[in-house]
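> Just the structure for this:
(2 chains)
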Amino acid sequence: MAAAYSDPDLTYRGAMQGFKLKPIELVPAGTKFSFVHHWKLALVETVVLAIVTVFLLSPWGPGLNYGVDFRGGTKIEVRFKDGPADIAAIRSKLGALNLGGLQIQQFGEPSDVLIRMEEQPGGDKGQQEAIAKVQRALGENVELRSSEVIGPTVSAELIVSAIWALTLASLGIFLYVWFRFEWQFSVSAIVALLHDVAMTVCLFSILQLEFDLSIVAALLTLIGYAVNDTVVTFDRVRENLRKYKRMPLGELIDLSVNETLSRTAMTAGAVLITLVALFVLGGPVIRGFALAILFGMLVSTYTSMFVAAPLLYVIGVKREWGTDAPVRKVAAAPGRERISFK
Amino acid sequence: MLYVDRWKANAVALVCVLSLLLCLPSFFSQQAVSRWPFWLPKKQLSLGLDLRGGAHLLLALEVNDVRKDWLDQLREDARKRLRDAKIGVGGVGIVGNAVQVRIAKAEESEAALKALRQITQTFGNPILGTSVNDVEVEKGGEAGSFTITPTEPGLQQRVGDALASAIETVRRRVDSMGVAETTVVREGRSRILVQVPGVQDTAELKKLIGRTARLSFHEVHETLTPEEAKKTRVPPGFKIYPGDAKDEAEQVLRETPVVRGEELKNAQPSFDQYTSAPIIVFTFNNSGARKFASFTSKHVGKPFAIVLDDKVISAPTIQEPILGGSGQISGRFTPETATQLAIQLRSGALPAKLTVVQESTVGPSLGSDSIEAGRRATIAGFIGVAAFLMLGYGLFGLFAITALVVNLALIMVAMAYIGAALTLPGIAGIVLTMGMSVDANVLINERIRDERRAGKTLVSALDSGFTRAYGTILDTNMTGLLAALILVAFGSGPVRGFGVTLAIGIVASAFTATTVTRYLVTGWLRWRRPTAIPI
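Next up is the predicted model:
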């Protein structure tokens, strides 16, 4: 039996026993791309990205287009019952109401419009009056699809908790990777992770897309996903460090990334499919959210290969790794009694 | 690998079948499920407000109100303690965040301090050394003066109590609307989250739950009019209360009420039998009835005032002693406001003012659009991932798809049974989980390929494929779980819903990818006795 199993040259058809579907390999085995070779380029790119991010968020840059979650104020979504909405007409109608800063945009269907107002004076009553005014100004044929009013105390708290959440998630991942690997892995992983978050934030700043609580949720999800990719690669690096004691580090890291390339492609492909489905079909309410993860995920696939891996090479790791599963050896050592619970 | 513990395999199979069975009701309408035979599960996934439409309010309890009430109470307490100890009071008043007490004779300082210290309540655990006084009583600067200062833990305790009672009151008021599946829960230290499905008009809702509805019956000063009182000075123990509407006059009233709203047993809207104006008929409980009877007996022919939320709503003259413990309030009510006030009186007063700090409404059309969009995205995502897995791994892809189906069923069952509502971000979480959860299977399958390439036999390649991938799966899932849990901890509303689905999805996928696929592969291995691995 064992001999039959071990024959590697058996035809595929025999194995499938009539099963017609032939799996295709997205990435052929034994690729030999070099990833660490361009480490200088990766370093320059990361530094440039950091500078660009700081500039975009600085008072001289465009900053982020914060949603009502963080800014406070009112957001209402209306639908015009008799066909497409005329944004310019709405803008002039509502502009006459003197409600301060207004943002009016088409949202999903041509007949749906999203209106954002800044916080009105007069507390809760003031906000409600403003909504009523807007509704009156828009006329009879308008349906209020949703409304959201966020007071200044809540918006301030949301900013604080969003910052806390992102910081804690990064810190937690840093500590976990440190605990499971070594600090060099940890540093590389966290740089890669911040790289992805920075890229996504830059996208939202440059395109001036609404940055609200759901985008923070997207960034947190992204952090969870991005580190996945990096951890899988690092896992293989650690394994190869045990296996090939004398292989130069750069070569070893390249080998590890190449070995995990197929997995990266498969997982990225599956996640990409679901995200595209969400982005295209999930409706306008979560489109921004889907976009943030979609973009960040594409970036993170690149990052884990072209930033995290070269960075690990630059920092360097210790080479004295124990053999795989030393525990088993100890357990099998003679003279040791095994504790039994039976 | 070839050997599988039969009991373990059976348990896993049972979990799979159960989860598939238990998630079934969520795919049918409520009516359809209610007609099912009794032995079928009926628990459905509940929909969040953003999917079914409704109103969401976040109310903040005014901490300053709680503090002010407490200081009022401390002032009364101080007076009473000194009176009980037969110590002459020079003056008691509220200064800033403390009560200042001055006694008539400075020689009685020690006795007074002892009497005042009795106000202090201690809470916490004295054995653990966590006991704290709710107020600190100290001697003041001059002889015979004292300050009573509330401590921060004491205030926190009061705020907590007030919040709990406010939640009860709000819940009773919301329940009176007769809407099913409303939510009234505590949020943070001093906030209440209210969710009412199906309601679009938050103005009505806020009127109903936002009013303090603190009712009290006061003695009116017999001779002094408000105008005179303003010119000269308000006598101690009295206060000028404004009128409720333009035509209700302000009054000089004794500050300590005769009876409070807490002593009401019932309140119902009704109509006056002579004028047929809307009124509220109320009944006191025993002690309230006694107090009211004794007061009205002594004050026949004189006015008394009914005060609601520090405003006089009516000041009728006592025609005869009211001994039965019931009476009526006539104000300037419409039938609607009378009904609303009766509900508010029945459900009790709020311990402090509630302010709306966040509110949102979702209309039914947006909700159903979102459900439709979510459904389409889920189906498309599933088909896409399934096709991709089949393409990439063939038969092993089919195993992974089976694991994915069980995974989705587990997520739905877990959410239905822990009572987490499905929100639009939650659906996004599920769709995303479909993509991410296949990662575990991808890791296993890639590992098997690697091992096979390294020249291992079929069985040992499968075996080490599974066992060696575990470490990586653990690492990737732990980091993902960490991010998801932080979303749950820090997110609010929909974001939390997303975090919950993501966290459940990660745990469920770790289970299905490792056990379900493993047993499927083992079963296939025994059944088909394959000679090569089709990946």
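> contacts and neighbour counts: CA atoms only from here.
Noted.
> So chain B: which segments form each domain?
According to automatic domain parsing, chain B comprises the domains B:6-53+B:363-528, B:63-157, B:215-325.
> buried residues in the helix or strand hosting A:W164?
Per DSSP states H and E: A:W164 is located in helix A:152-180. Using 16 or more other CA atoms under 10 Å in any protein chain shown as the test for burial, helix A:152-180 gives A:152, A:154-155, A:158-159, A:161-162, A:165-166, A:169-170, A:172-178.
> all helices of the stretch 1-150 of chain B, in order?
Taking DSSP state H, counting those that start in this stretch as the test, the helices found in the stretch 1-150 of chain B are B:6-22, B:30-34, B:49-52, B:63-84, B:109-117.
> hmm, back to that, can I get the domains of chain B in CSV with mean pLDDT and mean neighbour count?
Listed next are those as CSV, based on pLDDT from 0 to 100; neighbours: other CA atoms under 10 Å in any protein chain shown:
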stretch, mean pLDDT, mean neighbour count
domain B:6-53+B:363-528, 86, 21
domain B:63-157, 84, 16
domain B:215-325, 84, 17
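> ok, how many other residues are close to A:V317?
A:V317 has 15 neighbours, counted by other CA atoms under 10 Å in any protein chain shown.
> roughly how far apart are the residue nearest to it when sequence neighbours are not counted and A:L255?
Excluding the flanking residues, the one nearest A:V317 by CA to CA, 6 or more residues apart in numbering or on different chains is A:Q184, at 6.3 Å. Noted for A:Q184: a distance of 18 Å to A:L255, by CA to CA, to the nearest Å.
> of those two, who's got more company?
Between A:Q184 and A:L255, counting by other CA under 10 Å, A:L255 is the more crowded of the two (21 against 18).
> Next one: the more buried one from chain B, what distance?
13 Å (CA to the nearest CA, to the nearest Å).
> Give me the packing partners of the helix or strand where that residue lies, helices and strands only.
According to DSSP H and E, A:L255 maps onto helix A:249-281. Under the contact criterion of 3 or more CA pairs under 8 Å, 6 or more residues apart in numbering or on different chains; DSSP states H and E, helix A:249-281 touches helix A:213-243, helix A:287-303, helix A:309-315, helix B:364-393, helix B:424-453.
> Kindly reformat those as CSV containing distance to A:V44.
Shown next, in CSV, are the helices and strands packed on helix A:249-281 (distance: least, CA to CA, whole Å):
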stretch, distance to A:V44
helix A:213-243, 20
helix A:287-303, 13
helix A:309-315, 12
helix B:364-393, 36
helix B:424-453, 31
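> Just read off the phi/psi values of the closest residue in space to B:N285 that isn't next to it in sequence.
Nearest residue to B:N285 in three dimensions, chain neighbours excluded: B:K265, at 5.1 Å (CA to CA, 6+ apart). Main-chain dihedrals, B:K265, degrees, to the nearest 10: phi -100, psi -40.
> can you check B:Q157 too?
phi -60, psi -50.
> again, but for B:D272
phi -60, psi 130.
> separation between it and chain A?
33 Å.
> cool, B:R260 as well?
To chain A, B:R260 is 29 Å away according to CA to the nearest CA.
> Work out for me the element the spatially closest residue to that residue that is not a sequence neighbour sits within.
Distance criterion CA to CA, 6+ apart; nearest residue to B:R260, sequence neighbours excluded, is B:S216 at 4.4 Å. Assigned by DSSP H and E, B:S216 belongs to strand B:215-219.
> Which strands or helices does that strand pack on?
strand B:251-254, strand B:259-260, strand B:304-308.
> Repeat the analysis, applying 6 Å as the threshold.
Here strand B:215-219 touches strand B:259-260, strand B:304-308, going by 3 or more CA pairs under 6 Å, 6 or more residues apart in numbering or on different chains; DSSP states H and E.
> any chance of those in TSV, plus distance to A:P310?
Converted to TSV, those look like this (distance: least, CA to CA, whole Å):
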stretch	distance to A:P310
strand B:259-260	75
strand B:304-308	72
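> Among these, which comes closest to A:I76?
strand B:304-308 (35.1 Å; CA to CA).
> which residues are in contact with the closest one?
B:214-220, B:312-315 (CA atoms under 6 Å, 6 or more residues apart in numbering or on different chains).
> For it, list the C-alpha coordinates in CSV.
Only the C-alpha atoms of strand B:304-308 are listed here, as CSV (Å, rounded to 0.1, in the frame of the first residue of the first chain):
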residue,chain,number,x,y,z
PHE,B,304,-52.1,74.5,46.9
ALA,B,305,-49.9,74.1,43.8
ILE,B,306,-49.2,71.1,41.6
VAL,B,307,-45.7,71.4,40.3
LEU,B,308,-44.3,69.5,37.3
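> Off-centre distance for that strand?
32 Å (CA atoms, centre = their mean, to the nearest Å).
> picking up where we left off before, got a list of what the residue nearest to B:N285 touches?
Residues near B:K265 by CA under 6 Å, 6+ apart: B:283-285.
> can you check B:E136 too?
B:148-149.
> repeat that with 10 Å
Residues counted as contacts of B:E136 (CA atoms under 10 Å, 6 or more residues apart in numbering or on different chains) are B:98, B:116-117, B:119-121, B:147-151, B:154.
> List just the nearest of these to B:L482.
B:G154 (35.5 Å).
> ok, now how distant is that closest one from B:R81?
20 Å.
> Then A:L311?
From A:L311 to B:R81 the distance is 73 Å (CA to CA).
> likewise B:A13?
71 Å.
> what does A:Q105 give?
For A:Q105, the distance to B:R81 - CA to CA - is 65 Å.
> ok, back up a step: any chance of the domains of chain B in CSV with distance to A:D112 as columns?
Output for the domains of chain B, formatted as CSV (distance: least, CA to CA, whole Å):
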stretch, distance to A:D112
domain B:6-53+B:363-528, 10
domain B:63-157, 41
domain B:215-325, 42
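> wait, doesn't A:M247 sit right on A:L241?
Yes - counting by CA atoms under 10 Å, A:M247 does reach A:L241; the two are 8.3 Å apart.
> Which of these two has more residues huddled nearby?
A:L241 (24 against 13).
> what's B:N125 in contact with, if anything?
Applying CA under 10 Å, 6+ apart to B:N125 gives the contacts B:131-132.
> Backbone dihedrals for it, please?
Torsion angles, degrees, to the nearest 10, at B:N125: phi -110, psi 110.
> All the helices of the stretch 1-150 of chain A, residue numbers only.
Taking DSSP H, counting those that start in this stretch as the test, the helices found in the stretch 1-150 of chain A are A:2-6, A:12-16, A:39-57, A:68-71, A:87-95, A:123-138.
> So which bits of the fifth one are buried?
By neighbour count, and taking 16+ other CA under 10 Å as the criterion, the buried residues in helix A:87-95 are A:87, A:90, A:94.
> For the residues you listed, give me TSV that also has pLDDT and distance to chain B.
Output for the buried residues of helix A:87-95, formatted as TSV (pLDDT from 0 to 100; distance: CA to the nearest CA, whole Å):
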residue	pLDDT	distance to chain B
A:I87	86	20
A:I90	86	21
A:L94	85	21
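> Closest residue of the stretch 201-350 of chain B to chain A?
B:A203 (8.2 Å; CA to the nearest CA).
> so that residue makes contact with A:A132?
No - using CA under 10 Å as the test, B:A203 is too far from A:A132 to be in contact (11.0 Å).
> Distance-wise, check the closest residue to A:I190 other than its chain neighbours relative to A:T46.
Leaving aside its chain neighbours, A:I190 sits nearest to A:F174 (6.2 Å; criterion: CA to CA, 6+ apart). Distance of A:F174 to A:T46, given as CA to CA: 19 Å.
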